[in-house]
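> sequence and predicted structure, then a few things I'm wondering about:
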Amino acid sequence: MNRLLALLSLPGLFFALPAQAQRTVRLLSPDKQLVYSLRITDTAALYSVTYKGTPLVVASPLSLSFRGEKDFGAHLKLGKTVLRDGEDDYSLMVGKTSHVHDRYRELTLPLEEKGVPHRMILLVVRAFDDGLAFRYEFPKQEGLGPAGGAGGALQLTAEDTRFCLAGDPRVKALLLPNFTSSHEGEYTTMSWSALKSDTLMDMPALFEFPGPVYMAITEAALLDYAGLYLEKHDQCLRGRLSPLPDGTGLCVQAGLPHHSPWRVLLISSRVGALIESNIITDLNEPCRIGDSSWIRPGKTTFPWWNGNVVPDTINAPGNNFVTAQYYIDFCARAGLQYHSVVEYGLHEWYTNDGAGFMPGPHADPTRPVPGLDMKQICDYAHQKGVGIRVWVHWAALYPHLDSAFAQFERWGLSGMMVDFMDRDDQKMVNIQTEILEKAARHHLHIQFHGAYKPTGLNRSYPNELTREGTLNYEVNKWDKRITPDHDLNMPFTRLLAGPTDYHLGGFRAVPDSLFRVQYTRPLMLGTRCHMLAMYVVLESALAMVCDYPDAYEGQPGFEFLQQVPTVWDETRVLDAAVDKYIVIARRKGDDWYIGGISNHDGREVAVPLGFLGKGVYSATLWKDAADAGTDPNHLEKEGRRMTGNDSLSVRMAPGGGFAARISLMR
């Protein structure tokens, strides 16, 4: 049997050979339900994706544009392909599961131009049972780069990766006006045919096909490259790279070899499988931090949200020791891991001559405001078993990065929120990577705010505990936009990419008719049990407990916030209906935590508990009280004994939810 016939006989790989040339190749997932095919024509390389026989992406061209060169995508030939079976088996320090074991099949497709300059790019495709991913690899070559310079260089002006959707799926996505964005807004839900052309679409974006079949598009392993967006154009989605801010029109500049991030399609007939999937961390490199034993996930205060509320009896509230002491003592009593030093009186904790938190010419995070002794605060907190973290504007931090991190370590800080990044061009992507790498050297964790979606880097840099990129409960301080319906969009969109910071913990729920905007002690829509459940529904290794101590202590439900972990050994979506409700179970050790939230409608859900396994379990349930419609803070707490043969039936109020802790009885 010659080599070509041997390749044809490999399972999961199929070639059609018109005109004595390899023209079509197919790759099957390990379970053979997902099929990727690539067809080479004279004018384009076209790929398609089907799942269980349902077409999802059809005849979609791949094209790349380089400065000073013709586009790459036409008049190509397929070189020698390489097929391999792969297996991911690794541990995660922070995330929705502690150990991952996934199988995939990978096909490397060399795409080479038939004519001058004979550029060659590798298209690498991986098919998993719950989705697929592909990326472009740019080998070192003289034909690639301006004027075919020696050794080549990458100067990319566009990546026209297309996703031509089959039929008329239902779309749920965040639409944006431009590339400069905090990625905070309401999600749009409509049919694909009704979506306006040339509108920038953030990722992840969710598509629901008949069947139903669900597909989400996002990216993984965004390093030294520009962030990708989607845009409806010529009845397809085309990729749009975030341009560099220098006005040159370039999106990516790099030496060779180089590669793009992975373009990821999460696919399943069960929408919960997209949330459970580990593909995004699979596609990232192993941990790059040699010693990660110092990294401590947990929960943190964030007093800015509540308006820096302190008792009337406190001595001289402000950015000083006594204010920090009040919150540190609360953390110690409640078992919270961190207190955040942010601001007081709308001024940062560090020296800054700018306005509105924007850095002035002399902003310096190594110099606290007068009266604030950070070493004293850290020393006191450590005596209480509490860590201290700070908030900082990225543009104030970055010019002092090395000296600031060294000073933070000397003070004894544990980490920080880095805010107002608002970009994902290649330069900003590299700044974030540099922050993570240098922070790790000084044993500092990072929480990015005003930042783009996660792309799985918590595997490579587990000191990144969470990131924002959501319109969340901070908005309650100045607007009425965060509703239970908005909350429910999160698990089906933004959460698919990874950890989701959301300013959790507001304990003043009111009916819609009584909501009013107040900057101090903000009000909440949705019931208190809805809020409790959000700590399970969302994934974040650094969950905020944003309200002030007296808002929590002695209040029903606060004990759940004290108990709930922030990292998990296992995650299962027990039941979900897009736009209606979701129920998620997450395991830590022998304990399961369940969170369920509903939209504006009330409903009853029945949750089979077969996932518990053998044994008898003790369950504590926090659920909406019968009068939660008029008093949304009112909840009922009850205890039960259960086995895996039981089902948990719970009534959720409109905008409601429930939370449960289920422990194996010894």
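Good, I have the coordinates. Residues are numbered from 1 along each chain as shown.
> how near is S293 to E437?
18 Å (C-beta to C-beta, to the nearest Å). All C-beta atoms are positioned from the backbone trio N, CA, C, and that covers glycine.
> scratch that, Y338 is what I was asking about
Counting by C-beta to C-beta, the gap from Y338 to E437 is 22 Å.
> in terms of neighbours, single out the busier of those two.
Neighbours around Y338 and E437, counted as other C-beta atoms under 10 Å, are more numerous at Y338. The numbers are 26 against 14.
> for the more buried one, which non-adjacent residue is closest in space?
Closest residue to Y338 apart from its sequence neighbours, by C-beta to C-beta, 6 or more residues apart in numbering: T300 at 3.7 Å.
> what residues are up against the residue nearest to S193 when sequence neighbours are not counted?
Nearest residue to S193, sequence neighbours excluded (C-beta to C-beta, 6+ apart): D168, at 4.9 Å. Going by C-beta atoms under 8 Å, 6 or more residues apart in numbering, D168 touches 191-193.
> hang on, the earlier thing: so what's the residue count around the residue nearest to Y338?
By other C-beta under 10 Å, the residues close to T300 number 26.
> list the buried ones in the host helix or strand of it?
Using DSSP states H and E, T300 sits in strand 298-301. Buried positions in strand 298-301, judged by neighbour count with 16 or more other C-beta atoms under 10 Å: 298-301.
> circling back to that earlier point, could I get the phi/psi values of the residue nearest to S193?
The phi/psi pair for D168 (degrees, to the nearest 10) reads phi -130, psi 70.
> i'd like the first residue to be 224 from this point on
In the new numbering, first residue 224, that becomes D391.
> now it: how far from K419?
With C-beta to C-beta as the criterion, D391 and K419 are 15 Å apart.
> can you give me the end-to-end span of stretch 310-324?
7 Å (C-alpha to C-alpha, to the nearest Å).
> pull out the buried positions in that stretch.
For stretch 310-324, using 16+ other C-beta under 10 Å, the buried residues are 311, 315-321, 323.
> G541: how many residues sit nearby?
Neighbour count for G541, taken as other C-beta under 10 Å: 16.
> relative to A477, how far out is the residue sitting nearest the centre point of the chain?
The centre of the chain sits closest to G721, judged by C-alpha atoms, centre = their mean, with a distance of 2.9 Å. The gap separating G721 from A477 is 25 Å, by C-beta to C-beta.
> show me what contacts K703?
738, 740, 748.
> apply 10 Å and report the result again.
735, 738-740, 746, 748 (C-beta atoms under 10 Å, 6 or more residues apart in numbering).
> what does K300 give?
Applying C-beta under 10 Å, 6+ apart, the residues contacting K300 are 244-246, 263, 333-337, 343.
> top of those by neighbour count?
L334 (21 neighbours).
> can you name the next helix or strand after the helix or strand harbouring it?
In this structure, L334 sits in strand 322-336 according to DSSP H and E. Along the chain past strand 322-336, the next helix or strand (assigned with DSSP H and E) turns out to be strand 343-351.
> can you show me the CA trace of the next helix or strand after that following strand as PDB?
Counting by DSSP H and E, the next helix or strand C-terminal to strand 343-351 is strand 354-361. Extracted in PDB, the C-alpha atoms of strand 354-361 (Å, rounded to 0.1, in the frame of the first residue of the first chain):
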ATOM      1  CA  GLY A 354     -16.100  21.600  19.800                       C
ATOM      2  CA  LEU A 355     -13.200  22.400  17.500                       C
ATOM      3  CA  ALA A 356     -10.500  25.000  17.200                       C
ATOM      4  CA  PHE A 357      -8.000  26.100  14.500                       C
ATOM      5  CA  ARG A 358      -5.200  28.600  14.300                       C
ATOM      6  CA  TYR A 359      -2.700  29.900  11.700                       C
ATOM      7  CA  GLU A 360       1.000  29.100  12.200                       C
ATOM      8  CA  PHE A 361       3.600  31.300  10.300                       C
END
